[in-house]
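*Asks:* give the three-dimensional model of this entry:
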Amino acid sequence: MHTNASNIKITNPTVLFDGVCNFCNTTVRFVLAYNRAENIHFSPLQSDFAKQLLAQYNLSSDDMDTVVFVQDNKAYTKSSAAFQIARHLIYPWKALYYFKYIPKNITDWIYDLIAKNRYSWFGKKNQCMVPKPEWRERFHE
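*Replies:* Numbering: from 1, shown residues only. Model (predicted):
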C-alpha cells in the first residue's frame, strides 16, 4: 500500500540527510549532542518517509546533495537548512544562524563545494546509520 505524501504530518522540526555519507552522519550526531531541547527529528534521504516528505514539498528524491530541514510547513535546503538547524542548537553553535545574512549565493557555493566532495573527503558507508537506542525515537524510517 502506498501512503499519500500529503498525509505526512510532522510536529517536530525534521532533518533529511544522506544516510550513507560519513560527514552527514557525523553532523547528525553533532546536532543530536547540541540540540538540548531534543526537538529535532531525523530521517535518511534514502528512507520511504523522506521520499514521501520530499514529494509533499515538491523536492526531488534523486538529489542527495542537500540536507533538507522541514519546520512549520516550510522546507529549507542547502545553507538555508544548515542555518535553520543552527537555531535549535545551544550556544556557541546557535550563533551560526547569523551567517544567514551572508549572501545566499556565497553560502550555497560553499555548501555545494562540500556536498560535491563529501564522499571523497570524508568517505561513504554501504548502509544508512543505525541510531543509538536512546536516539531511536527521534528517527523516522
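*Asks:* just checking, R118 touches N25?
*Replies:* No. Using C-beta atoms under 8 Å, R118 makes no contact with N25, being 10.6 Å away. No exception for glycine: its C-beta is placed from N, CA and C like everyone else's.
*Asks:* what residues does stretch 99-113 touch?
*Replies:* For stretch 99-113, the surrounding residues in contact (C-beta atoms under 8 Å, 6 or more residues apart in numbering) are 65-66, 78-80, 82-83, 86.
*Asks:* and these, which two are furthest apart?
*Replies:* D65 and A86 (19.7 Å; C-beta to C-beta).
*Asks:* off-centre distance for the top helix by length along the chain?
*Replies:* Secondary structure of the chain per DSSP state H: the longest helix is helix 104-122. Distance of helix 104-122 from the chain centroid (C-alpha atoms, centre = their mean, to the nearest Å) equals 14 Å.
*Asks:* check stretch 24-41 too.
*Replies:* Counting by C-alpha atoms, centre = their mean, stretch 24-41 is centred 10 Å from the centre of its parent chain.
*Asks:* state the mean pLDDT of that stretch.
*Replies:* The average pLDDT within stretch 24-41 is 94.
*Asks:* got the CA coordinates for that stretch in CSV?
*Replies:* Presented in CSV, the C-alpha positions along stretch 24-41 are these (Å, rounded to 0.1, in the frame of the first residue of the first chain):
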residue,chain,number,x,y,z
CYS,A,24,26.4,13.8,7.1
ASN,A,25,26.2,11.2,9.8
THR,A,26,28.8,13.0,11.9
THR,A,27,26.8,16.2,11.5
VAL,A,28,23.6,14.4,12.7
ARG,A,29,25.4,13.2,15.8
PHE,A,30,26.7,16.7,16.4
VAL,A,31,23.1,18.1,16.2
LEU,A,32,21.9,15.3,18.5
ALA,A,33,24.5,16.3,21.0
TYR,A,34,23.9,20.1,20.9
ASN,A,35,20.1,20.2,20.4
ARG,A,36,19.4,20.2,24.1
ALA,A,37,15.7,20.7,23.6
GLU,A,38,15.7,17.3,21.8
ASN,A,39,13.1,18.6,19.4
ILE,A,40,14.8,17.9,16.1
HIS,A,41,13.9,14.6,14.4
